[in-house]
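Colleague: Give me a model of this one.
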Amino acid sequence: MSGQTVGEILSQARQDLLAFGAFCEALRPLVRQERVGMLLTYCHTHIASVEKGMRESEAEISRDVLSTWLRMPEEPGVRRLLEGDTATAPATPATAMTLERLVTLATGYVAALQERFRQGAEAAPNGEVREVFRHLASLMAQAKEHLAFQGAAVKDL
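Modeller: Predicted structure coming up:
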């Protein structure tokens, strides 16, 4: 368990989203399969939109809520989902990335953030903090659904 403020948790989540978006953007020119490239472009754009929505939501949260401390389990490994791919990005993923792998990676990444927010809601000391995390978990659930839907749509082209 570690202690973090709500603001720190949200900032880290936004950084994680931006890291995934950057991963998709960097991988895009390296892939050979047109459909994978299309989905990478969509993922980059969609993740940027989700991060923007989080930033806008955060701007509406009171300073008292953002400075609330929580005892949270250790971060569930959002960044670790990319470690294997970023370590070999120039060599392996560009040639081996498939639609299925990309959908699994993208939805897994967002699901890990959704889980983090669910944990935040459980650890929340009051209803206001709990509602912030529930809202963000819902936002991640929607993002995950959109990514999975888009993956299926691109596959069916």
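Colleague: Which elements pack onto the strand or helix carrying Val132?
Modeller: For Val132, the enclosing helix or strand under DSSP states H and E is helix 127-155. Here helix 127-155 touches helix 6-27, helix 34-59, helix 63-66, helix 99-123, going by 3 or more CB pairs under 8 Å, 6 or more residues apart in numbering; DSSP states H and E. For glycine as for every other residue, the C-beta is placed from the backbone atoms N, C-alpha and C.
Colleague: Could you list the buried residues of the last one?
Modeller: Looking back up the chat, that one is helix 99-123. 99, 102-103, 105-107, 109-121, 123 (16 or more other CB atoms under 10 Å).
Colleague: Ok, the shortest one next?
Modeller: For helix 63-66, burial by neighbour count (16+ other CB under 10 Å) applies to 65-66.
Colleague: what packs against the helix or strand following that helix?
Modeller: With elements assigned by DSSP H and E, the helix or strand that comes after helix 63-66 is strand 69-72. If you count contacts as 3+ CB pairs under 8 Å, 6+ apart, strand 69-72 packs onto strand 2-5, helix 6-27, helix 99-123.
Colleague: Give the rounded mean pLDDT of stretch 69-87.
Modeller: Average pLDDT, stretch 69-87: 64.
Colleague: same question, stretch 21-30
Modeller: 90.
Colleague: In it, which residues are buried?
Modeller: Under 16+ other CB under 10 Å, the buried positions of stretch 21-30 are 21, 23-28.
Colleague: got a list of what the most centrally placed residue in the chain touches?
Modeller: Nearest to the geometric centre of the chain sits Val110, at 3.8 Å (CA atoms, centre = their mean). With contact taken as CB atoms under 8 Å, 6 or more residues apart in numbering, Val110 is in contact with 50, 140, 143-144, 147.
Colleague: Quick one, grab the pLDDT at it.
Modeller: At Val110, the pLDDT recorded in the model is 92.
Colleague: Could you report the neighbour count for the nearest residue to it once chain neighbours are set aside?
Modeller: Distances taken as CB to CB, 6 or more residues apart in numbering place Lys144 nearest to Val110, at 4.5 Å, with adjacent residues excluded. Residues near Lys144, counting by other CB atoms under 10 Å, number 19.
Colleague: what do you get for the one 4 residues further on?
Modeller: In terms of burial, Ala148 registers 15 neighbours under the definition other CB under 10 Å.
Colleague: Good, wrapping up.
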